[in-house]
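K.L.:
predicted model, plus sequence, below.
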Amino acid sequence: MTLPTVHHKEYPVTSDTYLNLYSGIDNVKLEKFVHYTEMTKDQKTTFESFVAAVEEENNEDKWDAIQPDKLTCLRFLQADKYDTGMAMARLIKNQAWLKDANIPVLLTTPPAKLETYRKLRARAYMGRTTNNTGMPIFVERLGEFMNGIASPEGKTLTGQDFQDCFLYDLGELLGHIRDSYAKTCDDDAIATTWRATWIMDCQNVRFFRATKATGTLKLLDGCTEPNFPELAGPVTIMNVPSIVSGVWRVCRAFLDATVAAKIQIHSGIPKDELLERMSESV
């Protein structure tokens, strides 16, 4: 699998669309999303009550960073398995995180180490899945990134540099997901989803450097799932050497349980599994 030359598209992602993924798209319909259509009657009732609680005037002061919309409420609620108390707590904590991370400024000011970060982290958007989910596909040279974190060039980035660059680059990925929605929302044959499928290649990863990379990976994961829940679809990690499999067991320990359950690890390339989701040209 060959990654194309990546020409980064700096999406005009605003603070609002950074959280409310489909904000500003005219033809957004909650009822079109598979995440809503597959809900039970009781789950829909819980959802409507949760949205009403979020929109209560007494709660307005809680959303002093970004007001969550209905689709965001649903993502957070489903992430916490319809536990409204946990979902509300996660939303409130997310508001504090958005301010602490200074997202409005970050999105308009590329981090100083962005060019170095992008040299270390090669990933690309490869189109959408060919099955009935229409998920955007992202492919990443994870082995090279893990090697790069502990390389001399990687050591020029602090933990804060990695976090800022990661969060800035996330805007580009969210832009691809928004584009994917625009291409599927009018096609009744394709279920609209806000999830993406990930293929991560660990070829040439080195054990020592992989071990050194776990701290940075844990830092970045700590930004992702609590604040951007339910965006991960199937995750395939391939070409994982047996000597590095122990490192992945360590990584699983700090991953969100829901995300960890979506990860499939392979020592080679699971061609048949991948072809169930995408064309052979990818």
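P.N.:
Received the coordinates, thanks. Numbering: from 1, shown residues only.

K.L.:
just checking, what packs against the helix or strand where residue 144 lies?
P.N.:
When secondary structure is defined by DSSP states H and E, residue 144 falls within helix 142-149. The contact analysis (3 or more Cβ pairs under 8 Å, 6 or more residues apart in numbering; DSSP states H and E) places helix 142-149 against helix 114-120, strand 196-201, helix 207-224. C-betas here are computed from N, CA, C, even on glycine.

K.L.:
show residues contacting the first one.
P.N.:
The contact list for helix 114-120 (Cβ atoms under 8 Å, 6 or more residues apart in numbering) reads 6, 8, 111, 144-145, 148-149, 151, 153-154, 156-157, 161-162, 165-166, 168-169.

K.L.:
coming back round to it: now render the helices and strands packed on helix 142-149 as JSON lines, adding mean neighbour count, distance to residue 234 and mean pLDDT.
P.N.:
Shown next, in JSON lines, are these (neighbours: other Cβ atoms under 10 Å; distance: least, Cβ to Cβ, whole Å; pLDDT from 0 to 100):
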{"stretch": "helix 114-120", "mean neighbour count": "16", "distance to residue 234": "25", "mean pLDDT": "93"}
{"stretch": "strand 196-201", "mean neighbour count": "22", "distance to residue 234": "5", "mean pLDDT": "90"}
{"stretch": "helix 207-224", "mean neighbour count": "16", "distance to residue 234": "16", "mean pLDDT": "87"}
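
K.L.:
and of the ones you listed, who's closest to residue 139?
P.N.:
Evaluated over the helices and strands packed on helix 142-149, closeness to residue 139 peaks at strand 196-201, with 4.7 Å, by Cβ to Cβ.

K.L.:
export the closest one to PDB, keeping only CA atoms.
P.N.:
The C-alpha atoms that make up strand 196-201 are tabulated as PDB, following Å, rounded to 0.1, in the frame of the first residue of the first chain:
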ATOM      1  CA  ALA A 196     -13.700   6.900   9.900                       C
ATOM      2  CA  THR A 197     -11.800   3.700   9.200                       C
ATOM      3  CA  TRP A 198      -8.000   3.700   9.900                       C
ATOM      4  CA  ILE A 199      -5.200   1.500   8.400                       C
ATOM      5  CA  MET A 200      -1.900   1.800  10.200                       C
ATOM      6  CA  ASP A 201       1.300   0.300   8.900                       C
END
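
K.L.:
thinking again about what came up before, residue 24 is nearest to which of the helices and strands packed on helix 142-149?
P.N.:
Evaluated with Cβ to Cβ, the helices and strands packed on helix 142-149 place strand 196-201 nearest to residue 24, the distance being 19.6 Å.

K.L.:
I'd like to know which elements the closest one is packed against.
P.N.:
Using 3+ Cβ pairs under 8 Å, 6+ apart, strand 196-201 is in contact with strand 136-140, helix 142-149, helix 159-184, strand 232-238.
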